[in-house]
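Colleague: Fold the following and give me the result.
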Amino acid sequence: MIDINLIRSDPDKVRENIKKKFQDGKLPLVDEVLELDARRRALQQEGDSRRAQRNAIAKKIGALMREGKREEGEAAKEESRLNNERIAEIERETAEAEERLKKDMMAIPNIIADDVPIGRDDSCNVQQNTYLTPEEKPFEVPYHLDILENLGCIDLDAARRTSGNGFYYLVGDVARLHSAVLAYARDFMIDKGFTYVIPPFMIRSDVVSGVMSFEEMDGMMYKIEGEDLYLIGTSEHSMIGRFMNTTLKESDLPLTLTSYSPCFRKEKGAHGIEERGIYRIHQFEKQEMIVICKPEESDSWYEKMWNYTVELFVSMGIPCRTLVCCSGDLADLKYRSLDVEAWSPRRKGYFEVGSCSNLTDAQARRLGIRYRDAATGKNVYAHTLNNTVVAPPRMLISFLENHLQADGSVFIPEVLRPYMGGKDRIVPNKK
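Modeller: Prediction:
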């Protein structure tokens, strides 16, 4: 949610930002916000005036009654009654205006960075850098599901019977590899100075509406029937929600946190949920990083965060690249975002395995996350950032393809061997 003062002072900038995001249908919201804001302030001013009158009338009634001026006192009582009725009306009208204003404000996208590429969708994202040269395999790389089945490490049929499409059972050494990658990512981030957290995996609706737009919520979140609870789509949701309606100490910033969680997503409208394999699924696990910092620090942390993900993938011998997300590919709360994509030898191309985002103060405004500025003594909205460290199983697809050997085994990089009981490879199941 952007600052109401920006809409008041520079509505044209807000309109231009909406156009850059190809959301022209939201342009009328700017005028609606200005009208509602003016209406709310006028009501507040009238309400303050009438509440002051109420006190003055009460004193007047008392004085008239003491002086025995009953007729004038009764007239003053009627004046008081009418004034109180108007105060009640003002409070109702103010509440309605504030509710409509909040709804409109939450629909207006955050101001994007000046250097964000302008484009309608992810086809306009811009490659930034590549890391590690992809290895040319001297053999044809099979589809990832065929690799998993050859290793005897997946059971999709049973998952369909128990849960439906979009679920899987990982078995044996690949299940261990899955956990090994998450444990390695956890320790990697701890070594970078981040504090490890395991958050709640369900959150209330007021947190959901604070961390994302309504459109994202509808397309992603699973609601618990009969409860005001949603399954998280990423640990960012509950991690940021932890600080809702709090005023942090400036000396405690930046907060640098890394979290593990399972993630649950509807993938509503997504293509490929029925296809073979585990690329797009309803349930997965992820190691995330979260930073809450002062505004002047967020650009620097953004650069550090996506670089950590690249460093992690390179340390596991997986070629990757970074893509700068264009304006139309940015969710409404994002100021800027960068995708990390891993190399797929089978496709001979890259695919997304993580995303790093700077949301400036847009998310903090929704959730009421502030810190007290020591120099001014004022409460200031913090900046929030999030980034995927690693998210199996999508990451596993690239891992298996890049480390597949001609004999069907999968090489285990040295950094993961302590988490794999010293194993240097996973071999096909001979059963």
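Colleague: Need the mean per-residue confidence for stretch 232-250.
Modeller: What stretch 232-250 shows for mean pLDDT is 93.
Colleague: Then stretch 420-431?
Modeller: 88.
Colleague: Now that stretch: buried residues?
Modeller: The neighbour-count check on stretch 420-431 (16 or more other Cβ atoms under 10 Å) flags 420, 426 as buried. C-beta: built from backbone N, CA, C; applies to glycine.
Colleague: now stretch 116-130
Modeller: 116, 119, 125.
Colleague: What's the separation between the second one and N84?
Modeller: In other words, G119. Distance, G119 to N84, using Cβ to Cβ, to the nearest Å: 56 Å.
Colleague: Now tabulate the buried residues of stretch 116-130 in JSON lines and tack on secondary structure.
Modeller: JSON lines is the format used below for the buried residues of stretch 116-130 (DSSP: H, G, I helix; E, B strand; the rest coil):
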{"residue": "V116", "secondary structure": "coil"}
{"residue": "G119", "secondary structure": "coil"}
{"residue": "N125", "secondary structure": "coil"}
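Colleague: Out of the residues you listed, which comes closest to P11?
Modeller: V116 (20.4 Å; Cβ to Cβ).
Colleague: Give me the phi and psi angles of the closest one.
Modeller: V116 adopts backbone torsions of phi -70, psi 130, taken as degrees, to the nearest 10.
Colleague: unless I'm mixing things up, it is touching G328, no?
Modeller: No. Using Cβ atoms under 8 Å, V116 makes no contact with G328, being 9.9 Å away.
Colleague: Now A58: closest residue in space, sequence neighbours ignored.
Modeller: Closest residue to A58 apart from its sequence neighbours, by Cβ to Cβ, 6 or more residues apart in numbering: S80 at 6.8 Å.
Colleague: The one you found: which element?
Modeller: helix 70-107 (DSSP states H and E).
Colleague: With only the CA atoms kept, save the next helix or strand after that helix in CSV.
Modeller: Sequence-wise, the next helix or strand downstream of helix 70-107 (DSSP H and E) is strand 126-131. Extracted in CSV, the C-alpha atoms of strand 126-131 (Å, rounded to 0.1, in the frame of the first residue of the first chain):
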residue,chain,number,x,y,z
VAL,A,126,15.7,-8.9,-19.1
GLN,A,127,18.6,-11.2,-18.5
GLN,A,128,21.2,-9.7,-16.2
ASN,A,129,24.0,-12.2,-15.8
THR,A,130,24.8,-15.9,-16.2
TYR,A,131,26.9,-18.0,-13.7
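Colleague: which residue sits closest to V380, ignoring its sequence neighbours?
Modeller: In space, V380 is closest to D373, 5.0 Å off (Cβ to Cβ, 6+ apart).
Colleague: how deep is the one you found tucked in, by neighbour count?
Modeller: 12 (other Cβ atoms under 10 Å).
Colleague: Identify the residues contacting it.
Modeller: 250, 379-380 (Cβ atoms under 8 Å, 6 or more residues apart in numbering).
Colleague: quick one: which of these is most hemmed in?
Modeller: Most surrounded of the contacts of D373: other Cβ under 10 Å gives V380, at 17 neighbours.
Colleague: Ranking helices and strands of the chain by mean pLDDT, which lands last?
Modeller: Lowest mean confidence among the helices and strands of the chain (mean pLDDT, DSSP states H and E): helix 214-220, at a mean of 70.
Colleague: if we can go back for a sec, for Y302, see how far away the residue nearest to V380 is.
Modeller: 21 Å.
Colleague: host element of the nearest residue to T195 once chain neighbours are set aside?
Modeller: Spatial nearest neighbour of T195, excluding adjacent residues (Cβ to Cβ, 6+ apart): L257 at 5.3 Å. Assigned by DSSP H and E, L257 belongs to strand 255-264.
Colleague: Repeat that for L177.
Modeller: Assigned by DSSP H and E, L177 falls within helix 172-191.
Colleague: Quick check: neighbours of the helix or strand just after that helix in the sheet, parallel or antiparallel?
Modeller: As assigned by DSSP H and E, the chain's next helix or strand after helix 172-191 is strand 195-197. Sheet pairing for strand 195-197, assigned by DSSP bridges, gives strand 255-264 (parallel).
Colleague: those helices in the stretch 301-431 of the chain, which residues are they?
Modeller: Along the stretch 301-431 of the chain, the segments classed as helices by DSSP state H, counting those that start in this stretch run 362-367, 394-402.
Colleague: Please report how far the residue lying closest to I90 once chain neighbours are set aside lies from K59.
Modeller: For I90, ignoring the flanking residues on the chain, the nearest one in space by Cβ to Cβ, 6+ apart is G47 at 4.4 Å. Distance of G47 to K59, computed by Cβ to Cβ: 19 Å.
Colleague: In terms of neighbours, single out the busier of the two.
Modeller: G47 (17 against 11).
Colleague: ok, the more buried one - contacts?
Modeller: Residues near G47 by Cβ under 8 Å, 6+ apart: 87, 90-91, 94.
Colleague: Just list whatever residues bridge to Y230.
Modeller: I203, K223.
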